[in-house]
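**Q** need a 3D model of the sequence below.
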Amino acid sequence: MYKKQYLITILIATAFVLSCKKDSSPSCLTCSSPQTPNFEVCEENDGNASVNGENTGTSYSVYLSGLESTGTSCGN
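**A** Model (predicted):
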């Protein structure tokens, strides 16, 4: 009886921990500037920015700051 109750508790705890896993999909913004057509900038799981699916190898915050300093506007 106690083994069954222990097993059920372990299974519920495991399911709870696994359900709290961080979402692996990137967060994205659509950006535009007078010089370019609209494009998508995403923050990847490694913290880098990707543009239209291509990892830039540059930190998302640094990349976004650089875009904004050149007059590019980004939003949802």
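**Q** doesn't residue 5 lie inside a helix?
**A** Yes - per DSSP: H, G, I helix; E, B strand; the rest coil, residue 5 lies within a helix segment.
**Q** strands of the protein, start to end?
**A** Ranges of strands in the chain, per DSSP state E, are 27-33, 36-43, 48-51, 54-59, 73-75.
**Q** what mean pLDDT does the shortest one get?
**A** For strand 73-75, the per-residue pLDDT values average out at 91.
**Q** same check, this time on the first one
**A** Taken as a whole, strand 27-33 has an average pLDDT of 93.
**Q** give me the sheet partners of it and which way each runs.
**A** strand 36-43 (antiparallel), strand 73-75 (antiparallel) (DSSP bridges).
**Q** kindly export the first one (C-alpha atoms) in CSV.
**A** Below are the C-alpha coordinates for strand 36-43, written out as CSV (Å, rounded to 0.1, in the frame of the first residue of the first chain):
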residue,chain,number,x,y,z
THR,A,36,15.2,47.8,-45.5
PRO,A,37,12.0,45.8,-45.8
ASN,A,38,10.5,44.5,-42.5
PHE,A,39,12.5,41.7,-40.9
GLU,A,40,12.3,39.5,-37.8
VAL,A,41,14.8,39.6,-34.9
CYS,A,42,14.5,36.8,-32.4
GLU,A,43,16.3,36.1,-29.1
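**Q** alright, calling it a day.
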